[in-house]
Structure formats: structure tokens, C-alpha cells
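A.B. asks: show me the folded form of this:
(2 chains, ligands or ions: 2)
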Amino acid sequence: MGRITLDKVAKRFGDVEVIPPLDLTIEEGEFVVFVGPSGCGKSTLLRLIAGLEDVSGGQIRIDGKDATLTPPAKRGLAMVFQSYALYPHMSVRKNIAFPLKMAGMDQAEQDRRIDNAAKILNLTDYIDRKPGQLSGGQRQRVAIGRAIVREPAAFLFDEPLSNLDAALRVGMRLEITELHSRLKTTMIYVTHDQVEAMTMADKIVVLRAGHIEQVGSPLELYRSPRNLFVAGFIGSPKMNLIAGAEAKKHGAATIGIRPEHINVSKTEGAWKGRVGVSEHLGSDTFFYVHDTGLVDDITVRVPGEFDLKSGDTVYLTPEADKIHRFDDKGLRFE
Amino acid sequence: MSTQHSRSAAKLMIAPATFLLFVWMLVPLVMTIYYSFQRYRLLTPDRRGFIGFDNYVNFIDNPAFWSSMGNTLLLVGGVLVITIVFGILFALLLDMPMFGQGIVRILVIAPFFVMPTVSALVWKNFFMNPVNGLFAFAAKALGLQPYDFLSQAPLASIIGIVSWQWLPFATLILLTAIQSLDSEQLEAAEMDGAPALSRFFYIKLPHLSRAITVVILIQTIFLLSVFAEILVTTNGGPGTASTNLTYLVYAKSLLSFDVGAGSAGGVIAIILANIVAIFLMRAIGKNLDS
Ligand SMILES: Nc1ncnc2c1ncn2[C@@H]1O[C@H](COP(=O)(O)OP(=O)(O)OP(=O)(O)O)[C@@H](O)[C@H]1O
Ligand SMILES: [Mg+2]
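C.D. replies: Ligands and ions are numbered 1, 2, ... in the order given. Got it, this is the predicted structure:
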């Protein structure tokens, strides 16, 4: 259970076409992440799948059945909202019980499922508190708990971690990934966080202005981005994109080289430049190199520490087999 | 307002206002209490003097008193029920996107701006009048006997008029409360399989509880002292069928010229108001916490 197929699904708000017709298949048990810049339609797409918005065209199939006109409750999907959307006047237990109560489930089965969810998510300590008395991370867990008791065909997450602080995010990220490997239920996860997308996904869907730019596993996208947009979007720090004479040498309109694929030397190399800002993270060092005659700023990533100061001259050598070549339409070719 | 210094400065600065309010409240209260123990009739002002609790005994001993107590509570309770039930319905309606929303909202709010005497007179003469009123006209058009609202169901009619005046207030407060409900909560409930009616009872109504409490508390204060509507429509009659405590105090002190009895009634009204207040705070005050 949990195979979702979008067939020419489109969405217009008035005259504005937010999502042009789009095809996508989400396999059973897959962890799919939607990424893209702000306003590209990630939430809208998720809400279309959830049934919270009506499609303007096309068909949504869940497990082979046409669900385009099925009301949200009947689709068997559970959603975790960015604002958690817990019911403030109900205790944690009541919150989690709500979907079961609405389904008219008998009390014993309700209790069994709630206790099970509470155990998985470590909610037992505060199961009788109201959401107002919980921290952000605890609320997030309750929201997930409310989703898992329904035993849905798929989970939908809309930026569930964006209200949490950095440390908690890492923790919750792991928990959600673990939850997925334990439940093996389809999950669709919206984020604009690179790291979340790369670490959690089986399959990443990169969206731009409602278009699917590329679908693939995290490493596929990293190794062979289909076009300039995906190349620039996936990876942190961003890939260096160089056009002009240097690209011509490689027979391309634009070439791309990731910061971690450039070797740095103080004495010799292919490109000569001057160090601008350097960021020392301890584990890595990022240099922003100017005056190479290629682009304004080339970002370079060196593992560990590297003794270069602002204004020093530096030589850069790209790893030849890691250079991505793009044609004049921005598409990558080998 | 956290340091010792700023707190004492603040106290100092609000002291004059507090003092003024205190005097403003205290002087009339003390005078009322004083008169309530005096024999003081305006027709025989020379026979003034202390008479203990006689005014109270006489006031309470009067059958009109108990019926006026009942009427007061019925009036307050009836208007509260009507305004809150319809207020919620109107608020739900006005919250929906619909054609001409702005105009409808203004129309719904309008009655609140009409002063009580005027609206009561409009109801009395334009609608409820058994000869010329619109209701009588409608009844005749249907071949029915016109109903004389104000003499056959005086209290119910007044409850209707006062509800009409207060409905906008309740609607307005409840509408703003409904609009503050996070739409993701409703969507979550929808995904959780709650149909519209369950969403109302499990999500919207609990969200409204605080606003409903505010409406109840504020309206109770004003409804305990409804007066103008009674004066211009029924004069408390027929008999004492539509006399509330406020009107009875007025009748005692200004129609019977008995200041002592009127003051005793006033003190009783204060006590009643406090009992109602304590009862209300006990019953619904916890909604205001958190
Ligand atoms: N109800 C609506 N009416 C009109 N336009 C809308 C509506 N909802 C969303 N849009 C538009 O649709 C586009 C996509 O919105 P959406 O919320 O899906 O973006 P997003 O990818 O989730 O962005 P973010 O990362 O900021 O959450 C935006 O341009 C937005 O302005
Ligand atoms: Mg969004």
C-alpha cells in the first residue's frame, strides 16, 4: 500500500498556473523529498496529493485507484504540518486519539495504538499534557504520533523541522529516518533544506516554478545533475559554474565544478587567484577566491585546516573527471 | 515593570486616578446604603429617620420583588442564549467567503449603533403594534388574528428586542475569534477524518470558548440593568410581567417617591449582581486562563 501516481496533475490559482501538468510516480515504501526554492509549489503539490486543494486538471491515483475527487479523510494519507496543527485544548493523548475517534474505532484498539505510538516516539512522559506545555520538538513528535496511529498508506510532511533549532533538527531528522525504516511506509517530505533532502531521501524531486527539473536518488543528483538549475541547487556550498573561454576549452557552454573537487596549492595549479573571505569550520575550510579571470568568486572546499589568509595568492586545479559540462540550453552532457 | 523602582513609580502615578475612581464609586454607594436604612419618602420628607431594615423587609416582602428577580434572570439568560447561539451561527456565516460580504457585515453590525430607546420604539410601533405593526400586517395577510406581543408576551418580546440589539456585539466578538483560528488545525482535522459538524464541535467551539466567556461576562453586566427598553415599551407591565429589578427600583423611588425603598432595592441589585458575577466566574472563568 502506498503507491501514488500523479498523471498530468496541474494547479491554477485563478489565472496563475502554479503547477503546470506534471507526472510523477512515488513507489510503495519510498521516502521522497520535494525540494526547490521558496514559492516553487512544493506545498501546493503536497496539498494536492493530500486533497486539501482541488486539482485543476489531471489525475491522482493512490494504489491504482483514482483518488482525484476523494475527500482528504478517505485517501488514507496522514499529514504533518509545519505549524504542527495540534489541537490546543486537547491533551496529547486526545490529540493522538482524535483520528481514531473520528474513525469510530473501539476503545481497546485506540489505546493499543496510542500506547504503541507513544512508545515509539517517547511521548509517555507528557501524554497527559496540553500542547501549550510542550517544547517544539515534543510537539513535533505528537504531530507525528497523530499521523502514525492512523497507519496511513503514506505520510506527508510539509517542512516539519523548519521551526526547530539546529541541534533538534538533526535529532528529529534521524528519528524520522528511523521511523521510515521501521514502518516502511511511503513518505513524502517537503523541505528546502539541502541536508535534509540529501540525508533522508530515497528519491529527490527537484522543483522549479512547478516544473519537475529532475528526479533521482541523492547521489544521482549530486553526481549527474540534469541541468544548470539542479547543479546549482543540489550541493552545499554551491557548484561553481563557469562560462566563457574556460568552458569552450572543454567544448561546453558552461562547466561546473564542485568546491570539494578543486585542489588547492600555494605554488602551482591551473587557475591563479587571490583569497577573499575564508571560513574555517574546523572539519573543513571554505575559501572564496577572486581574480581568477573566470567568475567573480570561486568557492573551494578543503578538508581540515589550510593555512591561507585573505589576500594570499592561491592556485586551483579542478579534478578533470569531476567537471560537469552543460550545453547552451543548460543541459548537462557527457 | 520589573524593577522595584519602576513598580513604585508606577503605583505613584496611577494613585490619583485610582483615588478618583474610588471616590466616584464609593460616594454613591455609601449614600445609597445610608438612604436604604432611612425612612425617606418624597411626599412626606419631614418624617425622615432611621428605620433599620424596614425598607429591605418591605421591598422583599412585595410580590413584585420576586417576580422582578425572576424576570431579571430570565431576561439575562434568554438574551445570552439567543445572542450566543445566533452569534455563533452568524459568525460562521460571515466567516465564509461570499458575495457582498462587506455589506452583509455592516448590516449585521448596524443594530448595535441604534440607541436602546429608539430601537425599542421602532420594534414597538413598527413591528409589534397589533394594529399598524408589520407583524400584524403579515398575520392579517395570512388570515390570522394579529398577536399583541407586548401585552400577551411582554417579557419574551423584550427579550427579543434586547437580543436584537446585542446580537451584533456577540457576532463581532465571535467572528474575530473564528478568524483567529489557525486554518492548518482545520485542515488537520479534515485529514483526520472529522466531518464538518465534528470540526465545529471539536475544533471551532473549543477555540471560541474564551470569546464566548467574554461575551457572557460583558453582556451580563449590561443586561442586568436593562431599563430603557422596558420603559418605552411596556412600562414593566402588564402588572409586573415585564418588571425587572432595575425597573422596580425606578418604580419605587421615582413613581412611588420612596427613596428609602428604592435605595434598598439598589443595594439588593448590587448583591444580586455580585452573586451572578461569582457564579459566572466559578462556572466559566477558567476559560479565561492559559
Ligand atoms: N491560495 C493561493 N492562492 C493563490 N496563490 C497561491 C495560493 N497558495 C499558493 N499560491 C502561490 O503558489 C505558489 C507556490 O506556493 P507554495 O506554497 O506551494 O510554495 P512552496 O514551494 O511551498 O514555498 P515555501 O518553500 O516558501 O513554502 C506561490 O507562488 C504562491 O504565491
Ligand atoms: Mg511551503
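
A.B. asks: now name the helix or strand holding A:Ile19.
C.D. replies: Following DSSP states H and E, one finds A:Ile19 within strand A:16-26.

A.B. asks: strands paired with that strand, and their directions?
C.D. replies: Looking at strand A:16-26 with DSSP bridges, its paired strands and their directions are strand A:4-13 (antiparallel).

A.B. asks: pull the residues that contact the strand it pairs with.
C.D. replies: Residues outside strand A:4-13 that contact it (C-beta atoms under 8 Å, 6 or more residues apart in numbering or on different chains): A:17-26, A:41, A:44-45, A:48-49, A:53, A:55-62, A:64, A:154, A:186, A:188, A:210. Heads up, the C-betas are built off the backbone N, CA and C, glycines and all.

A.B. asks: now with 6 Å?
C.D. replies: The set of residues external to strand A:4-13 that reach it, using C-beta atoms under 6 Å, 6 or more residues apart in numbering or on different chains, is A:18-22, A:24-26, A:44, A:48, A:55-62.

A.B. asks: narrow those residues to those that are buried.
C.D. replies: A:18-22, A:24, A:26, A:44, A:48, A:55, A:58, A:60, A:62 (16 or more other C-beta atoms under 10 Å in any protein chain shown).

A.B. asks: what is the nearest of these to B:Leu245?
C.D. replies: Comparing the buried ones among the contacts of strand A:4-13 against B:Leu245 with C-beta to C-beta places A:Thr44 closest, at 59.6 Å.

A.B. asks: which of the contacts of strand A:4-13 are close to ligand 1?
C.D. replies: A:Val18, A:Thr44 (C-beta under 6 Å from any ligand atom).

A.B. asks: in three-state terms, label A:Thr285 for me.
C.D. replies: Judged by DSSP: H, G, I helix; E, B strand; the rest coil, the three-state class of A:Thr285 is strand.

A.B. asks: residue boundaries of the helices in chain B?
C.D. replies: For chain B, the helices defined by DSSP state H cover B:4-36, B:54-61, B:63-95, B:101-109, B:116-122, B:134-141, B:149-152, B:154-179, B:183-191, B:196-198, B:205-223, B:228-233, B:245-250, B:259-284.

A.B. asks: okay, those, which one's buried deepest?
C.D. replies: Per residue and on average, the most neighbours among those fall to helix B:245-250, with a mean of 23 (mean count of other C-beta atoms under 10 Å in any protein chain shown).

A.B. asks: which other residues reach that one?
C.D. replies: Counting by C-beta under 6 Å, 6+ apart, helix B:245-250 makes contact with B:Ser68, B:Thr72, B:Ser225, B:Phe227, B:Ile230, B:Gly236, B:Gly262, B:Gly265, B:Gly266, B:Ala269, all of which sit outside it.

A.B. asks: mind running it again at 10 Å?
C.D. replies: For helix B:245-250, the surrounding residues in contact (C-beta atoms under 10 Å, 6 or more residues apart in numbering or on different chains) are B:59, B:62, B:64-65, B:67-69, B:71-73, B:75, B:224-231, B:234-236, B:240, B:243-244, B:255, B:261-269, B:272-273.

A.B. asks: quick one: pLDDT of the residue in the stretch 101-250 of chain A positioned nearest to ligand 1?
C.D. replies: Of the stretch 101-250 of chain A, the residue with the smallest distance to ligand 1, taken as C-beta to the nearest ligand atom, is A:His192 at 5.0 Å. Confidence at A:His192, expressed as pLDDT, is 85.

A.B. asks: contact partners for the most centrally placed residue in chain B?
C.D. replies: For chain B, the residue whose C-alpha lies nearest the mean C-alpha position (C-alpha atoms, centre = their mean) is B:Leu223; its distance is 1.6 Å. Under the criterion of C-beta under 10 Å, 6+ apart, the neighbours of B:Leu223 are B:72, B:75-80, B:83, B:159, B:162-163, B:166, B:216, B:244, B:276.

A.B. asks: what do you get if the cut-off is 7 Å, keeping everything else the same?
C.D. replies: When the contact criterion is C-beta atoms under 7 Å, 6 or more residues apart in numbering or on different chains, the partners of B:Leu223 are B:Leu75, B:Val76, B:Val79, B:Val162.

A.B. asks: these two touch, right, the second one and B:Thr220?
C.D. replies: It refers to B:Val76. Yes: applying C-beta atoms under 7 Å, one finds B:Val76 in contact with B:Thr220, separated by 5.9 Å.

A.B. asks: can you get me a residue count around the closest residue to A:Ser217 other than its chain neighbours?
C.D. replies: Leaving out its chain neighbours, the residue that sits closest to A:Ser217 by C-beta to C-beta, 6 or more residues apart in numbering or on different chains is A:Lys203, at 6.1 Å. Applying other C-beta atoms under 10 Å in any protein chain shown, we find 19 residues neighbouring A:Lys203.

A.B. asks: need the pLDDT of A:Lys203.
C.D. replies: The predicted structure lists A:Lys203 with a pLDDT of 94.

A.B. asks: try A:Ser135
C.D. replies: At A:Ser135 the predicted local distance difference test score is 87.

A.B. asks: quick check, A:Thr199 in a helix?
C.D. replies: Yes: under the criterion used here (three-state DSSP), A:Thr199 sits inside a helix.

A.B. asks: what sits against it?
C.D. replies: Residues touching A:Thr199, when contacts are defined by C-beta under 7 Å, 6+ apart, comprise A:Arg173.

A.B. asks: how far away is it from A:Gly58?
C.D. replies: When C-beta to C-beta, to the nearest Å is applied, the distance between A:Thr199 and A:Gly58 equals 31 Å.
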